[in-house]
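Enquirer: This is a predicted model, with the sequence first.
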Amino acid sequence: MKYRFYSPVQGIIDYDFNKDMDYDSYFDEDAMEELGEVDFDFLTAEDLTAYQEEINQAIRKEWDYETDEDMGLMHYFAYGSRETQKDLLKKVTAAYPRVETVGDKAYGVMVCDIEKPLTDQEIKILKDYFNGQYSDGWGEGFSQRGIETSYGVLYLDFWSDDFYIETEDELKNRLESKQDNEMQFEM
């Protein structure tokens, strides 16, 4: 079975094809001063839908399936403070990030292979783990490697300014609620 966790993403595209940058450099005045004038744009979740294929190709290239034993980010789950939670690995056998379009926005999606349904507590543990992977782990490293597109080098940040992480059901409920609220205002 598959289980998905969704979170917002944001990006930057550098039209000058600077490959020696990373996402955070575009907010660093010293780094930008060294480069002089750089032609780049901030990309919203709506903008990023156009780059979904290139992003997912770059993500797939990140994985060494032999080294991670076909587990993706779950390969690192039981290290350190999570040692006591390693039983969760019997239920969640793999977790790989990707980008998917929902409606008109791109989302970061952690796709998990699960053997049995997850409890609310296990979902909370996984959200916390993926949150850390996006901010300080895998996602931080990924945002430092540019993705070459035909328009420039794209830097994708899984740790967006308005970061949250939600299950597929939570996403659906939020979007339905938003749609209901919009319909009420239109009446």
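Expert: That came in fine, so what should we check first? Numbers count the residues shown, from 1 in each chain.

Enquirer: wait, is L118 part of a helix?
Expert: No: counting by DSSP: H, G, I helix; E, B strand; the rest coil, L118 is not found in a helix; it is coil.

Enquirer: which SS state does Y151 fall under?
Expert: coil.

Enquirer: Next: N56.
Expert: Under three-state DSSP, N56 comes out as helix.

Enquirer: my read: it touches Y96, true?
Expert: No: counting by C-beta atoms under 8 Å, no contact exists between N56 and Y96, whose distance comes to 10.1 Å. Every residue, glycine included, has its C-beta placed from N, CA and C.

Enquirer: Please identify which of those two sits among more neighbours.
Expert: Comparing N56 with Y96 by other C-beta atoms under 10 Å, the one with more neighbours is Y96, at 20 against 16.

Enquirer: Could you pull out the helices in this structure for me?
Expert: For the chain, applying DSSP state H gives helices covering 29-35, 45-48, 52-62, 120-135, 138-142, 168-186.

Enquirer: so which of those helices gets nearest D87?
Expert: Taking C-beta to C-beta, helix 120-135 is the member of these nearest to D87, at 9.5 Å.

Enquirer: Pull out the buried positions in the closest one.
Expert: Residues of helix 120-135 classed as buried: E122, I123, I125, L126, K127, Y129, F130, N131, Q133, Y134 (neighbour count, 16 or more other C-beta atoms under 10 Å).

Enquirer: gap between the third one and A106?
Expert: Just to be clear, that refers to I125. Applying C-beta to C-beta, to the nearest Å, the value for I125 to A106 is 26 Å.

Enquirer: can you put the helices of the chain in a markdown table and add distance to S150 and mean pLDDT?
Expert: Output for the helices of the chain, formatted as a markdown table (distance: least, C-beta to C-beta, whole Å; pLDDT from 0 to 100):
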| stretch | distance to S150 | mean pLDDT |
| --- | --- | --- |
| helix 29-35 | 22 | 75 |
| helix 45-48 | 15 | 96 |
| helix 52-62 | 9 | 94 |
| helix 120-135 | 27 | 95 |
| helix 138-142 | 20 | 90 |
| helix 168-186 | 30 | 74 |
